[in-house]
Structures are given as C-alpha cells and as structure tokens.
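Q: got a predicted structure plus its sequence, pasted below:
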Amino acid sequence: DTEVTQTPKHLVMGMTNKKSLKCEQHMGHRAMYWYKQKAKKPPELMFVYSYEKLSINESVPSRFSPECPNSSLLNLHLHALQPEDSALYLCASSRTGRNTEAFFGQGTRLTVV
Amino acid sequence: GENVEQHPSTLSVQEGDSAVIKCTYSDSASNYFPWYKQELGKGPQLIIDIRSNVGEKKDQRIAVTLNKTAKHFSLHITETQPEDSAVYFCAALFNAGGTSYGKLTFGQGTILTVHP
C-alpha cells in the first residue's frame, strides 16, 4: 500500500477564512512533506517534517502553518490567504528523508476568492 | 541549491514509438533521481527511480539511465501507448549534510502526447 490520502479534494475559501488541509499515511513513513503546485509548473517544496519535527521551511509566509500531530498525520492550517495562493497543494511521504521513494497524495485543489 | 533542467518541454509521438526525456542537475552531491508521471487532476505518481551507485535501471517498458560524470539522467519509454500521455517530471534529491532529510528538486516537466 503506497497510499497518501488528502482531504478535502477541493476547497474554496474567502480571504478572511480559516481552513485546514489534512494528509494521512499508514506506511510507517517518518518524513512528510507539503508541496504547492501551480498550473503547468512542477511541485514546489513548502515544508518537510522529519520524525515529526519541522526540518525545512522554504520561507513560506506565516499564513500557512504546518502541523504534524503524529507520525501518520500532517495538517496545513490556512489563514488570511490571498487569491495568488490558489493552487494544488500536495502532501507526500517517504520512509525517511534520505534517498527513499516519496509518494504523493492526489492533492487539494484550493481556490481563494 | 540544486537546479534541475528538463528537456523537451513537450514531446509528441506515435503509438508504438519510443520517447526519451532528458534532465541535467547541478549539485554533484545529489544521490537519488526519481521520475514522476502526473495525469490531469491527479498527484504525481512515482514510476521509476535510480540511485547514484547505479548506471541504469529498467522496469518493463520504462528505463532510466544516469551519467554521474556529466550529471545527467534520462527516461526512456518504449512501445508507447496513449495511456502514457501525461506530464513527466524528473527530480533530484540533495541531502543536507548531517541531517535525516533531503530536498527534492523537480525539473520543469515534459508534456508527453502519444497519438493512436
């Protein structure tokens, strides 16, 4: 089983809303990632959690707040987003962060209005 | 940081032909090179990968080659089928020294279209 599950699949939110994206994996992976993907572009790394600790923050604005409650779950809390934040948000996981296969979820299509 | 260049940006082939996508990377410390296939409305799917201690790897109709000296790697798809049509991304993993994690940098993607 190489499944990474993301919810919701689609989300429309206003600029004053607070929402959360959720990601779950049950492969025993200890590294989890958030990526942002704009149309016709490659995924861009936002955050890396390694053994439930935030290891990489790619200078992401504070309106995006990641959380890793346990080794199977990863959340991305959203607040006061801008229309340019509309994108596909992808979660991924890998056994560790060092040269092991990373598996992606189907993504959450976020639209900020 | 790592930089990955991918060519071509679009590739159109007839069913049954072969398709080749090429990538170059900048950081010689990168040691893991996966390829992803992304269909419309879906997340990237890992299709094959290669590590820096291997020169070539094959899985049925797809193969990947790595030239560490030249810092380039390629995806080869033989006997292409319409269902191979998708966006393909190469990537390179750079491990920060002394850490338990690495950074995966993607190429810009190749839109492959296989005509029946």
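A: Good, I have the coordinates.
Q: for chain B, what's the longest strand?
A: strand B:86-95 (DSSP state E).
Q: tabulate the CA atom coordinates of that one in CSV.
A: Extracted in CSV, the C-alpha atoms of strand B:86-95 (Å, rounded to 0.1, in the frame of the first residue of the first chain):
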residue,chain,number,x,y,z
ALA,B,86,0.8,12.8,-19.2
VAL,B,87,3.2,15.3,-17.7
TYR,B,88,6.5,13.7,-16.7
PHE,B,89,8.8,15.3,-14.0
CYS,B,90,12.4,14.3,-13.2
ALA,B,91,13.7,15.2,-9.8
ALA,B,92,17.0,15.2,-7.9
LEU,B,93,17.4,14.7,-4.1
PHE,B,94,20.0,16.6,-2.3
ASN,B,95,20.8,15.6,1.3
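Q: residue A:36 belongs to a strand?
A: Yes: applying DSSP: H, G, I helix; E, B strand; the rest coil, one finds residue A:36 inside a strand.
Q: what's around it, how many residues?
A: 20 (other Cβ atoms under 10 Å in any protein chain shown). C-beta: built from backbone N, CA, C; applies to glycine.
Q: what's the spacing between the residue nearest to residue B:106 when sequence neighbours are not counted and residue B:15?
A: Of all residues not flanking residue B:106 in the chain, residue A:42 sits nearest, at 3.6 Å (Cβ to Cβ, 6 or more residues apart in numbering or on different chains). The gap separating residue A:42 from residue B:15 is 27 Å, by Cβ to Cβ, to the nearest Å.
Q: the two: who's more crowded?
A: Neighbour tally, residue A:42 and residue B:15, criterion other Cβ under 10 Å: the higher count belongs to residue A:42, 21 against 12.
Q: no further queries at this time; thank you.
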